[in-house]
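Engineer: no letters, just coordinates:
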Ligand code: SF4
């Protein structure tokens, strides 16, 4: 089968993000991107998706550093602000506790401490599933045991390959790049940040969404 050409799609997505005039329009484009990538994955014929072993409740990989764009961070924190107050207080406390435990850790160190993502619920499901990061959407595994071993190995600096759905991985990497390029083309901040640190900051500073995105003013020190 001919290899999928990501370039036209990357250009289309980049243009859409660069043409969006405000945060509301950017968030609409992000929704479009989520829907479009889901459709593309369903329509793509290469690779047997029935082999993917990932399922609700499997939480083994939810201990890694997750990179997100500022736009994804804004979508996630707006989603969280729709929760009722006790739930919001609980998630703020979880995010805060996790950030205290993992801030500044390199990827292998993060795996060594084995702290679960703050957005996992007690049954091992992702509580922000509709707006979960592109990074999380792209990673799959066809073998749960191989996945667990690879994560354990990486904590010791050993890289072990895990068989995953390549198209899905590449598609979300391209999608991530398209958001970053689109934002940068319109003078906005296209950098990525760690999920936990960024959501903690945005939850505490809802009034800083626009400033952070428009001025590239956010830096690592702000997150600490
Ligand atoms: S955001 Fe959701 S899918 Fe991603 S690491 Fe956290 S719990 Fe897992």
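Structural biologist: Looks like it came in fine. Source: prediction; values computed, not measured.
Engineer: center of this structure - which residue?
Structural biologist: In the chain, the residue lying closest to the centroid (Cα atoms, centre = their mean) is residue 133, at 2.2 Å.
Engineer: just give me the neighbour total for residue 23.
Structural biologist: 17 (other Cβ atoms under 10 Å). Where you see a C-beta, it was placed from the backbone N, CA and C, and this is true even at glycine.
Engineer: report the buried residues of the helix or strand harbouring residue 68.
Structural biologist: Secondary structure assigned from DSSP states H and E places residue 68 in strand 67-69. Within strand 67-69, the residues scored as buried using 16 or more other Cβ atoms under 10 Å are 67, 68, 69.
Engineer: now the nearest residue to the first one once chain neighbours are set aside: how far from residue 135?
Structural biologist: To tie it back to what came earlier, the one meant is residue 67. In space, and not counting its chain neighbours, residue 67 is closest to residue 192: 4.3 Å by Cβ to Cβ, 6 or more residues apart in numbering. Between residue 192 and residue 135 the distance is 9 Å, computed by Cβ to Cβ, to the nearest Å.
Engineer: who touches both of those two?
Structural biologist: 67, 68, 176 (Cβ atoms under 8 Å, 6 or more residues apart in numbering).
Engineer: on that earlier part again, quick one, what contacts the residue nearest to residue 67?
Structural biologist: 67, 68, 69, 176, 180.
Engineer: could you measure from it over to residue 148?
Structural biologist: Counting by Cβ to Cβ - residue 192 and residue 148 are separated by 26 Å.
Engineer: ok, now residue 211?
Structural biologist: Applying Cβ to Cβ, the value for residue 211 to residue 148 is 41 Å.
Engineer: all strands for the chain, in order.
Structural biologist: Per DSSP state E, the chain carries strands over the ranges 67-69, 192-194.
Engineer: wait, doesn't residue 72 sit right on residue 30?
Structural biologist: Yes - under the criterion of Cβ atoms under 8 Å, residue 72 makes contact with residue 30 at 7.1 Å.
Engineer: near the ligand, which residues of this protein?
Structural biologist: Contact residues (Cβ under 6 Å from any ligand atom) of the chain with the ligand: 62, 66, 117, 119, 120, 126, 128, 132, 133, 136.
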